[in-house]
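>>> task: produce atomic coordinates for the following.
(chains A and B)
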Amino acid sequence: MADEVKLLSLLGSPNVCRVEIALKLKGINYESIPQDLVNKSADLLKYNPVHKKVPVLLHNGKPISESLVIIEYIDDVWKGVPVLPQDPYEKAQARFWAKFIDDKCTPAILKAFGMEGEQDATEANGQLQYLENELNVKGKKFFGGDSINLVDISASFLAFWVGAIEEASGIQLVTKDKFPKLTKWCDDFVNCQAVKDSLPPREALVAFFKGRFGN
Amino acid sequence: MAKESEIKLLGTIASSYVNRVQFALNLKSINYEYIEEDLANKSKLLFTSNPVYKRVPVLIHGDKSICESQVILEYLDDIQPDSHPLLPPAPLDRANCRFWASYIDTKFFPLYDEMRRTRRQAGKEAIKEQMIEATRLLEEALIKSSNGKAYFGGDEIGFLDVMLGSCIRWMKFIDDLNDFDTFDEVRVPELGKWAKNISSHEALKSATPDKETLDVFFAGANAHRPPYDD
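Next up, the predicted model:
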């Protein structure tokens, strides 16, 4: 029986983008079904009743929610081009950094742009330094080494959305002199084919954020 | 089988996240050396093994350190897959476990610290409503996942049993101070039965702090992250 893969999606959502990168990396054919988050569809409410959010992956009708959970599921089912390392310790490290990005990094970044509470970049500078150090220590192009892995994919927001927000707000966060390795990583990451094919158009993103900052 | 000298666990006896790892180590019969950390006076070992968060639990395996309780649980499953596996084999079931694990740690368990820090009754009542909704969802999840058996993992204790079971003691402590019963058998009959059942399991009992320990921990929490000025 042929696999039926659908993705309840939203253009411009970084978490949806993460899942699309993983799917494209593994060459999985899927149908993207864009959602209206203001008037939520019956399907969205049925397949993600707990959070009512995207992304939701539907594999032969079975729903999986939460982007990192979805990516681990994809890695479990489709074995080609693994996004998680094989070695248990390396795997644990990858999961640690992916969680760090979601729990600490992204909220701090939002705060740095004043998008969550009072504008303050102190925390973000600290958290980004950990990522900068990690790249330094690894000494490779990506967090995953020579090719992207779960950690790189988890940091999609940092790689692409942050640049757009910087342009829209006029606030600089990830500068070359503060974060040389991270800045290079952003460029390398967005140039990967699977990533390029999954990212939303930059101008549209900048325009969206310009609206948010009233520029 | 990992040698005792090979595995160390940095922890504090009152932390639910540390208890979680101890529960898993006990289930898998993994010998380990337990090192109690004084969180008011953090050790050099804690700073070097967990430089990002500087918190417990930290699992030290040889010269490697693994941080964050859920990450540690998955690591233990990866190094000892045949000894009481925590995650089920089927990808969809694994995804279900990870989904609810994320829910427990990002939506449900944080409510208890919120409750601790909230002074006003109106605020507390609002949090109770969220707890009621969360336990309603977990009751449904338990019924689906257990297939009529005793645990989220079915006949055997599984990933979610460990993730949630380790939180019961602290939840009950906060409940008692706030006239609430998270695992009320009238409101959530299956979850209530499950909580009683798992709390008496040897592998968890030995990893569970007593009230005196929790009193001290609670006082420390109030000092370190005090109640809100509302």
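
>>> may I see the buried residues of the strand or helix carrying residue A:8?
Residue A:8 is located in strand A:5-9, with elements delineated by DSSP states H and E. Residues of strand A:5-9 classed as buried under the neighbour-count rule (16 or more other Cβ atoms under 10 Å in any protein chain shown) are A:5-9. No exception for glycine: its C-beta is placed from N, CA and C like everyone else's.

>>> Serialize these to a markdown table and add fields for pLDDT and distance to residue A:194.
As requested, the buried residues of strand A:5-9 are exported to a markdown table (pLDDT from 0 to 100; distance: Cβ to Cβ, whole Å):
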| residue | pLDDT | distance to residue A:194 |
| --- | --- | --- |
| A:5 | 98 | 15 |
| A:6 | 98 | 19 |
| A:7 | 98 | 14 |
| A:8 | 98 | 20 |
| A:9 | 98 | 16 |
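
>>> ok, of those residues, which one's closest to chain B?
When those are ranked by distance to chain B (Cβ to the nearest Cβ), residue A:5 comes first, at 13.2 Å.

>>> if I look at that closest one, how far off is residue A:153?
Per Cβ to Cβ, to the nearest Å, residue A:5 is found 17 Å from residue A:153.

>>> report the contact partners of the residue nearest in space to the middle of chain A.
Nearest to the centroid of the C-alpha atoms of chain A, with distances taken as Cα atoms, centre = their mean, sits residue A:156, at 3.5 Å. Under the criterion of Cβ atoms under 8 Å, 6 or more residues apart in numbering or on different chains, the contact partners of residue A:156 comprise A:14, A:17-18, A:21, A:189, A:195.

>>> pLDDT wise, what is it at?
According to the prediction, residue A:156 has pLDDT 98.

>>> sorry, back to before: quick one: is the strand holding residue A:8 near chain B?
No - Strand A:5-9 stays out of contact with chain B when judged by Cβ under 8 Å from any Cβ of the partner chain, the minimum separation being 13.2 Å.

>>> which residues sit in contact with the closest residue to residue B:61 other than its chain neighbours?
Closest residue to residue B:61 apart from its sequence neighbours, by Cβ to Cβ, 6 or more residues apart in numbering or on different chains: residue B:7 at 5.4 Å. For residue B:7, the contacting residues are B:25, B:30-33, B:59-61, taking Cβ under 8 Å, 6+ apart as the criterion.

>>> what subset of those residues is buried?
Among the contacts of residue B:7, those that count as buried by neighbour count (16+ other Cβ under 10 Å) are B:25, B:30, B:32, B:59-61.

>>> let's have those in CSV, adding pLDDT and secondary structure.
Supplementary listing: those in CSV, determined by pLDDT from 0 to 100; DSSP: H, G, I helix; E, B strand; the rest coil:
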residue, pLDDT, secondary structure
B:25, 98, helix
B:30, 96, coil
B:32, 96, coil
B:59, 98, strand
B:60, 98, strand
B:61, 97, strand
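
>>> could you dump those into JSON lines with distance to residue B:46 added?
Supplementary listing: the buried ones among the contacts of residue B:7 in JSON lines, determined by distance: Cβ to Cβ, whole Å:
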{"residue": "B:25", "distance to residue B:46": "19"}
{"residue": "B:30", "distance to residue B:46": "21"}
{"residue": "B:32", "distance to residue B:46": "16"}
{"residue": "B:59", "distance to residue B:46": "12"}
{"residue": "B:60", "distance to residue B:46": "10"}
{"residue": "B:61", "distance to residue B:46": "16"}
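
>>> is chain B contacted by the helix or strand hosting residue A:89?
If you go by DSSP H and E, residue A:89 is part of helix A:88-100. Yes - where contact is defined by Cβ under 8 Å from any Cβ, part of helix A:88-100 touches chain B, namely A:88-89, A:91-93, A:95-96, A:99-100.

>>> among those, the buried ones, what's the PyMOL command?
Isolation of the buried members of the residues of helix A:88-100 next to chain B (16+ other Cβ under 10 Å) is achieved in PyMOL through the command below:
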select buried, chain A and resi 88+89+91+92+93+95+96+99+100
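
>>> can I get the residues of helix A:88-100 next to chain B in TSV with pLDDT?
Shown next, in TSV, are those (pLDDT from 0 to 100):
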residue	pLDDT
A:88	98
A:89	98
A:91	98
A:92	98
A:93	98
A:95	98
A:96	98
A:99	98
A:100	98
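
>>> what's the farthest-apart pair in the residues of helix A:88-100 next to chain B?
Taking Cβ to Cβ as the measure, the residues of helix A:88-100 next to chain B span a maximum distance of 18.6 Å, between A:88 and A:100.

>>> what does chain A put close to chain B?
A:50, A:59, A:62, A:64-66, A:68-70, A:72-73, A:76-77, A:88-89, A:91-93, A:95-96, A:99-100, A:130.

>>> what segments of the chain are helices?
Since no chain was named, I'll use chain A. A:14-25, A:42-47, A:67-77, A:88-100, A:106-112, A:122-138, A:150-154, A:156, A:162-169, A:180-190, A:193-196, A:202-212 (DSSP state H).

>>> nope, chain B
With DSSP H as the criterion, chain B has helices at B:16-27, B:44-49, B:69-79, B:91-103, B:110-117, B:121-146, B:159-165, B:168-177, B:189-199, B:202-205, B:211-224.

>>> highest average neighbour count across the ones you listed?
Mean neighbour count (mean count of other Cβ atoms under 10 Å in any protein chain shown) peaks for helix B:159-165 among these, with a mean of 27.

>>> got the CA coordinates for it in PDB?
Once side chains and other backbone atoms are set aside, the C-alpha atoms of helix B:159-165 remain, and they are given as PDB (Å, rounded to 0.1, in the frame of the first residue of the first chain):
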ATOM      1  CA  PHE B 159       7.800   6.000  29.500                       C
ATOM      2  CA  LEU B 160       4.700   8.100  30.500                       C
ATOM      3  CA  ASP B 161       4.300   6.200  33.700                       C
ATOM      4  CA  VAL B 162       7.800   7.200  34.600                       C
ATOM      5  CA  MET B 163       7.400  10.800  33.300                       C
ATOM      6  CA  LEU B 164       4.200  11.400  35.300                       C
ATOM      7  CA  GLY B 165       4.700   9.000  38.200                       C
END
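
>>> where in chain B is the helix or strand with the lowest mean pLDDT?
Counting by mean pLDDT, DSSP states H and E, the weakest-scoring helix or strand in chain B turns out to be helix B:211-224, with a mean of 91.
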